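A.B. asks: requesting a structural model of the entry that follows:
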Amino acid sequence: MRDFIAHRVASIPPSGIRRFFDIAATMQDVISLGIGEPDFVTPEPILKAGTRSLEAGDTHYTSNSGILELRQAIAANLRRLYGVEYEPRSEILVTVGVSEALYLALAASLDPGDEVIVPTPCFVAYQPEVLLAGGTPVPLLTRAEDAFQVTAEEIRERITEHTKALLIGYPNNPTGAVMSRDKLEAIARLAQEHDLLVISDEIYDRLVYGGHEHVCFAALPGMRDRTVTLGGFSKSYAMTGWRIGYAAAPAPLLAEMRKIHQYTIMSAPTTAQVAAVVALEEAEEHVRSMVAEYDRRRKLIVGGFNELGLPTFEPLGAFYAYPSVTASGMDDECFAEALLKEERVAVVPGNAFGGDGRHVRASYATAYDKIEQALERIRRFMRRHG
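C.D. replies: From the prediction side, this is the model:
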């Protein structure tokens with residue numbers, strides 16, 4: 001019997017995050033700093049909108065592109081926040097989370113042999129999705145001493161005749177890094193010079209701190225027509241389980257993305273689309289409240305790690321801290337496994353995100369008192385290993 005498994009799929013390892021979650025699931029009294037998911041319940045106006053939709057029997061397919069009202073609300077939101085204009089009917093596609101939007105962008109733009117430059121550490125799906133779409137990921141390691149920001153010069157060094165796209169995600173998962181406007185503008189000029197597509201994952205755009213303002217890549221001069229903007233509702237609106245994201249892109253490329261979406265998905269969940277309209281139109285106060293609480297937790301966990309001898313640069317976005325664990329004498333895998341077994345605190349090794357083996361990711365999307373307890377357990381751990 002022949003081997004029926006595709007080689008490109010067999011070559012991709014399982015998610016590095018899942019192994020530690022699977023171990024933690026068999027243990028009692030584990031404090032998880034591993035899951036990148038808000039601990040908040042979806043805000044009440046959004047919940048009520050979803051409930052009303054179900055009670056009204058609104059349980060059928062929508063347009064492949066998503067309900068027009070939601071696409072119009074997304075366009076209005078991007079215009080209000082960043083001054084970038086999209087035509088709702090032809091340039092916005094509602095997807096099943098941002099993960100689907102990412103795959104669609106890659107699958108619609110890559111031919112076999114095309115290279116995509118991917119700054120790392122990055123979301124675990126970036127490089128595997130490039131491979132699944134038939135492309136070749138070209139990792140570019142960023143460093144703590146540069147606040148995990150990527151530069152145009154570093155990107156230029158990796159451009160070849162096969163380079164077609166750049167895939168960036170800021171605010172960054174797992175580091176919490178943000179990009180300065182001047183660095184993004186330099187990258188924009190490079191993208192024009194080398195005729196590159198830029199796929200910009202901006203799912204954490206509303207989760208920024210310390211007076212920082214998120215810069216939408218498509219809003220930079222000359223970038224709208226060579227950028228795919230990926231966004232969604234999971235993080236800012238605590239809607240992970242609703243599975244709603246979107247892509248905004250030039251009409252010719254979006255038409256091809258929609259084609260793949262038609263054949264693989266049909267349409268995003270109807271109830272979630274209705275709820276997402278209310279999220280954009282009525283939940284701003286809730287977003288600000290959640291951001292304020294994340295900021296409080298951010299200060300606690302970053303200060304705690306630094307005090308414990310686990311140097312952590314200040315994350316200005318998302319809800320992750322990325323401490324160095326070299327003081328423990330362990331690499332990231334050993335540190336995460338030992339911390340889980342000895343003190344029942346779950347973190348994720350940085351190598352799951354393409355890191356350098358010296359950092360772990362700790363999410364502060366969990367309750368303040370749980371973070372306090374986790375830090376006390378890590379204090380005990382570092383007394384033994386620091």
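
A.B. asks: now the helices for the protein?
C.D. replies: Ranges of helices in the chain, per DSSP state H, are 7-10, 18-24, 44-55, 68-82, 88-91, 97-109, 126-132, 152-158, 181-193, 251-264, 270-282, 284-307, 332-343, 368-385.

A.B. asks: tell me the most buried of those?
C.D. replies: helix 97-109 (a mean of 24; mean count of other Cβ atoms under 10 Å). Using the backbone N, CA and C atoms, a C-beta is placed for each residue, glycine as well.

A.B. asks: still on that earlier bit, to residue 35, which of the helices of the chain lies closest?
C.D. replies: Of all the helices of the chain, helix 18-24 sits nearest to residue 35, with 7.4 Å by Cβ to Cβ.

A.B. asks: can I get the closest one in PDB, CA atoms only?
C.D. replies: Presented in PDB, the C-alpha positions along helix 18-24 are these (Å, rounded to 0.1, in the frame of the first residue of the first chain):
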ATOM      1  CA  ARG A  18       0.300  21.800  22.300                       C
ATOM      2  CA  ARG A  19       2.800  19.400  23.900                       C
ATOM      3  CA  PHE A  20       3.000  21.500  27.100                       C
ATOM      4  CA  PHE A  21      -0.800  22.000  27.200                       C
ATOM      5  CA  ASP A  22      -1.300  18.300  26.800                       C
ATOM      6  CA  ILE A  23       1.000  17.600  29.800                       C
ATOM      7  CA  ALA A  24      -0.600  20.400  31.900                       C
END
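
A.B. asks: how about the helices of the chain in JSON lines, adding distance to residue 236 and mean pLDDT?
C.D. replies: Formatted as JSON lines, these follow (distance: least, Cβ to Cβ, whole Å; pLDDT from 0 to 100):
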{"stretch": "helix 7-10", "distance to residue 236": "32", "mean pLDDT": "88"}
{"stretch": "helix 18-24", "distance to residue 236": "23", "mean pLDDT": "73"}
{"stretch": "helix 44-55", "distance to residue 236": "11", "mean pLDDT": "98"}
{"stretch": "helix 68-82", "distance to residue 236": "11", "mean pLDDT": "98"}
{"stretch": "helix 88-91", "distance to residue 236": "20", "mean pLDDT": "98"}
{"stretch": "helix 97-109", "distance to residue 236": "12", "mean pLDDT": "98"}
{"stretch": "helix 126-132", "distance to residue 236": "20", "mean pLDDT": "97"}
{"stretch": "helix 152-158", "distance to residue 236": "28", "mean pLDDT": "98"}
{"stretch": "helix 181-193", "distance to residue 236": "20", "mean pLDDT": "98"}
{"stretch": "helix 251-264", "distance to residue 236": "23", "mean pLDDT": "98"}
{"stretch": "helix 270-282", "distance to residue 236": "8", "mean pLDDT": "98"}
{"stretch": "helix 284-307", "distance to residue 236": "5", "mean pLDDT": "98"}
{"stretch": "helix 332-343", "distance to residue 236": "28", "mean pLDDT": "95"}
{"stretch": "helix 368-385", "distance to residue 236": "19", "mean pLDDT": "97"}
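
A.B. asks: looking at these, which is nearest to residue 210?
C.D. replies: Closest to residue 210 of those is helix 284-307 (Cβ to Cβ; 8.0 Å).

A.B. asks: what's that closest one in contact with?
C.D. replies: 33, 38, 40, 43, 45, 176, 206-210, 236-238, 311-312, 314-315, 319, 321, 323, 362, 364-366, 368, 371-372, 375, 378 (Cβ atoms under 8 Å, 6 or more residues apart in numbering).

A.B. asks: distance of the spatially closest residue to residue 187 that is not a sequence neighbour from residue 197?
C.D. replies: Excluding its sequence neighbours, the residue lying closest to residue 187 (Cβ to Cβ, 6 or more residues apart in numbering) is residue 152, at 4.9 Å. As judged by Cβ to Cβ, to the nearest Å, residue 152 and residue 197 stand 16 Å apart.

A.B. asks: ok, residue 158 touching residue 117?
C.D. replies: Yes - between residue 158 and residue 117 there is a contact at 5.3 Å, judged by Cβ atoms under 8 Å.

A.B. asks: overlap in contacts of the two?
C.D. replies: By Cβ under 8 Å, 6+ apart, residue 158 and residue 117 have these common neighbours: 138, 140.

A.B. asks: okay, now the closest residue to residue 210 other than its chain neighbours: neighbour count?
C.D. replies: Among residues not flanking residue 210 along the chain, residue 316 sits closest, at 5.4 Å (Cβ to Cβ, 6+ apart). Number of residues near residue 316 (other Cβ atoms under 10 Å) recorded here: 21.

A.B. asks: and the pLDDT for residue 316?
C.D. replies: Per-residue confidence (pLDDT) for residue 316: 97.

A.B. asks: isn't it right up against residue 212?
C.D. replies: Yes - assessed by Cβ under 8 Å, residue 316 is found in contact with residue 212 at 4.7 Å.

A.B. asks: any common contacting residues for those two?
C.D. replies: Overlap of the contact sets of residue 316 and residue 212 (by Cβ under 8 Å, 6+ apart) consists of residue 178.

A.B. asks: measure the closest residue to residue 36 other than its chain neighbours to residue 298 for me?
C.D. replies: Closest residue to residue 36 apart from its sequence neighbours, by Cβ to Cβ, 6+ apart: residue 363 at 5.4 Å. As judged by Cβ to Cβ, residue 363 and residue 298 stand 11 Å apart.
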